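S.K.: Return atomic coordinates for the entry below.
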Amino acid sequence: MPFNIPILLTWLRITLIPLMIAVYYVPSAWTQGIGRDLAATVIFVVAAITDWLDGYLARRWNETSAFGAFLDPVADKLMVAAALIVLVQLDRVDAILASIIIGREITISALREWMAQIGAHKSVAVSMIGKIKTTAQMIAIPMLLYHGPICGFSMQFLGTWLIYVAAVLTLWSMGYYMRMAWPHLVEQDRKR
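M.R.: Now for the predicted structure:
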């Protein structure tokens, strides 16, 4: 297993996941002053920044690796899924929306794995719609974690609106990836 700063940042993101969840389970005195919602939001934002930073550094320093390419999306999906589950438990996100987003992540990860095995991984490379979906959910989740108003704007309202946008884009991007993979699925079925 290679070890470099980008991979270290990815591991840091993974270790921040239980910390973000734990904020809601530790005695409230531990988060007094900062508040649980703000603490969870800061942890999520730091994790999201490491997501961008590890990829940037890996490309800039030419430290990309197969292990890093595997671990990075796993860390991203774990982070988003954990945050959505917390938000469902806090009654800030509908379970259906969380299921759509998490289900899509699992489906597309499995599809990408299968496409890589048959040598067609470029057919399901990240698309612009997938990047927009990710941006929408990475802005929505901290808003929903924070929950309170900022400068008179309801973070719950804005976050809810954005998570709906992310859910629609989730379905749209899943359709796009499935359409790109469909010819390969048919071809593999014919070979059987």
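S.K.: how about residue 40, what does it touch?
M.R.: Counting by Cβ atoms under 8 Å, 6 or more residues apart in numbering, residue 40 touches 20, 23, 24, 86, 145. All C-beta spots, glycine's among them, are computed from the backbone N, C-alpha and C.
S.K.: Any buried residues in the helix or strand hosting it, and which?
M.R.: According to DSSP states H and E, residue 40 maps onto helix 36-60. Buried positions in helix 36-60, judged by neighbour count with 16 or more other Cβ atoms under 10 Å: 36-44, 47-48, 50-51, 53-55, 57-58.
S.K.: Show me how far that helix is from its chain's centre.
M.R.: 11 Å (Cα atoms, centre = their mean, to the nearest Å).
S.K.: Would you mind pulling up the elements that the helix ranked longest in the chain packs against?
M.R.: Identified as the longest helix of the chain according to DSSP state H is helix 155-191. Judged by 3 or more Cβ pairs under 8 Å, 6 or more residues apart in numbering; DSSP states H and E, the packing partners of helix 155-191 are helix 95-117, helix 128-146.
S.K.: so of those helices, which one's packed in deepest?
M.R.: For the helices and strands packed on helix 155-191, the largest average neighbour count (mean count of other Cβ atoms under 10 Å) is found in helix 128-146, namely a mean of 20.
S.K.: what about residue 53, distance to residue 5?
M.R.: Between residue 53 and residue 5 the computed distance is 9 Å (Cβ to Cβ, to the nearest Å).
S.K.: Which residue is the nearest non-sequential neighbour of residue 4?
M.R.: If the residues on either side of it in the chain are set aside, residue 4 comes closest to residue 63, at 4.6 Å by Cβ to Cβ, 6 or more residues apart in numbering.
S.K.: ok, now residue 94?
M.R.: Counting by Cβ to Cβ, 6+ apart, the residue nearest residue 94 is residue 88, at 7.6 Å.
S.K.: Now name the helix or strand holding that neighbour.
M.R.: Using DSSP H and E, residue 88 sits in helix 66-89.
S.K.: Could you do residue 25 as well?
M.R.: With elements taken from DSSP H and E, nothing contains residue 25; it lies in neither a helix nor a strand.
S.K.: what about it, neighbour count?
M.R.: 9 (other Cβ atoms under 10 Å).
S.K.: Mind pulling up the pLDDT for it?
M.R.: Per-residue confidence at residue 25 stands at 88 (pLDDT).
S.K.: Also the one 3 residues further on?
M.R.: Model confidence at residue 28, expressed as pLDDT, equals 78.
S.K.: For the spatially closest residue to it that is not a sequence neighbour, give me the pLDDT.
M.R.: Closest residue to residue 28 apart from its sequence neighbours, by Cβ to Cβ, 6+ apart: residue 36 at 7.1 Å. On pLDDT, residue 36 comes in at 91.
S.K.: next one: residue 122
M.R.: 65.
S.K.: Likewise for residue 125?
M.R.: 65.
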